[in-house]
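Asks: 3D model of this:
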Amino acid sequence: MNNEFTFSIKSLRFDENYNPSENTRITTNFANLARGQKRQENLHNALVMINNRFNSLAHWDNPKSDRYSVELDIISAELNVSVADKSDAFPVIEILQTHVVDHQTQTRFAGIVGNNFSSYVRDYDFSVVLPQHNEHRAEFSIPDNFGDLHGNIFKQFVNSAVYQKHFSTSPVICLSVSSKNTYYRTGNIHPVLGIEYQQDAPSLTDHYFGKMGLHARYFMPEGSVAPLAFYFHGDLLRDYSNLELISTISTMETFQKIYRPEIYNANSAAGRIYQPDLRHQDYSLTRIVYDREERSQLAIEQGRFTEERFIKPFQTVLEQWTAPVL
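Replies: Residues are numbered from 1 along each chain as shown. Below is the predicted model of the structure:
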């Protein structure tokens with residue numbers, strides 16, 4: 001039996017005219033913004049927030065805070081599977097690629113790829129596998145192989161020829177900190193990433209992203225009110241330039257202000273010891289419409305879709321294919 005697995009990449013500009021493709025997870029951050037009557041207003045306001053935040057952080061040689069703007073491309077990775085008489089192309093990963101435009105020098109250069117991270121298989125793991133595993137358990141636990149398949153698919157993608165052709169650096173994923181953990185300032189301060197925090201214990205997200213070959217550091221940039229979680233492979237502080245890091249901060253902090261305003265748009269900044277709280281009431285809302293409850297319900301539907309379309313038909317051969325990845 002001949003099995004073949006290849007990746008292909010599609011790119012779509014995220015701007016005021018963005019419309020989600022058919023394969024985009026509708027729970028994805030940027031797809032949520034492009035829905036409803038205020039879709040264009042949502043997109044415009046989000047992009048303005050990103051550019052303003054970038055210029056506030058890249059303040060050197062930038063007296064009017066208008067030197068830079070950020071362009072975003074949605075990168076969709078499909079896994080093309082050919083197994084005996086069956087073949088299919090399934091959208092396994094969706095990430096963002098930032099580009100920075102310097103209006104003073106009239107140049108455009110790549111920022112960081114990664115930023116947001118979207119995955120149907122992650123929906124399957126968290127909305128199908130994990131609830132089924134804990135359905136009749138007195139205490140919450142995770143299966144021993146939880147995230148193995150997803151993690152190995154991600155590593156196969158990053159090591160693939162198609163990834164190497166399109167991107168010169170490893171991805172950095174920027175997420176919200178966990179509301180179940182407590183974070184402590186370390187005393188380390190980076191000129192762009194800001195104040196570093198450490199958490200009291202690894203989170204479930206840490207465990208899951210660890211299967212992807214990524215580890216985390218937590219930083220609160222200047223002007224931010226809560227630390228962000230940066231997941232990366234390699235050396236976060238040495239592998240990327242200041243402007244590359246700022247492109248990620250400005251993009252993902254904007255999304256977090258929209259989706260988790262209780263944490264990232266709070267009216268006071270995190271202290272020396274900090275525990276995020278989604279029940280926090282002292283925060284401001286952005287002018288962008290978002291339905292968080294709907295997003296949670298859709299994740300379950302998408303997890304079941306993944307089980308039927310991808311996991312059940314190809315699980316055995318997928319596990320065989322990804323097993324050698326270290």
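
Asks: could you use CA atoms for every contact and neighbour count after this?
Replies: Will do.

Asks: show me where the stretch 151-300 of the chain has its helices.
Replies: Applying DSSP state H, counting those that start in this stretch to the stretch 151-300 of the chain gives helices spanning 161-166, 204-210, 242-259, 261-264, 292-306.

Asks: what's the most buried one of those helices?
Replies: helix 261-264 (a mean of 24; mean count of other CA atoms under 10 Å).

Asks: and it, what other elements does it pack with?
Replies: helix 242-259 (3 or more CA pairs under 8 Å, 6 or more residues apart in numbering; DSSP states H and E).

Asks: ok, and what's touching the helix it packs on?
Replies: 29, 46, 49-51, 53-54, 57-58, 70, 98-100, 110-112, 115-116, 174-176, 192-193, 221, 228, 263-265, 285-286, 288, 290, 292 (CA atoms under 8 Å, 6 or more residues apart in numbering).

Asks: likewise for stretch 107-115?
Replies: With CA under 8 Å, 6+ apart as the contact definition, stretch 107-115 has outside contacts at 95-102, 167, 169-175, 243-245, 247-248, 251-252.

Asks: that one - what's its average pLDDT?
Replies: The predicted model gives stretch 107-115 an average pLDDT of 96.

Asks: and stretch 270-287, by the same measure?
Replies: On average, stretch 270-287 scores 92.

Asks: so what touches stretch 120-130?
Replies: 25, 91-93, 142-143, 146-147, 150, 299-300, 302-304, 306-307.

Asks: any idea of the pLDDT on the closest residue to residue 140 other than its chain neighbours?
Replies: Spatially, and ignoring its direct neighbours in sequence, residue 140 is nearest to residue 134 (6.0 Å; CA to CA, 6 or more residues apart in numbering). Predicted confidence (pLDDT) for residue 134: 93.

Asks: what's the burial count for residue 127?
Replies: 20 (other CA atoms under 10 Å).

Asks: how near is it to residue 140?
Replies: Residue 127 is 14 Å from residue 140, where distance means CA to CA, to the nearest Å.

Asks: also residue 312?
Replies: 25 Å.

Asks: wait, isn't residue 164 in contact with residue 156?
Replies: No. Residue 164 is not in contact with residue 156 according to CA atoms under 8 Å; the separation is 11.3 Å.

Asks: on that earlier part again, buried subset of the contacts of helix 242-259 as a PyMOL selection?
Replies: Filtering the contacts of helix 242-259 down to the buried ones (16 or more other CA atoms under 10 Å) takes a single PyMOL command:
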select buried, resi 29+46+49+50+51+53+54+57+58+70+98+99+100+110+111+112+115+116+174+175+176+192+193+221+228+263+264+265+286+288+290
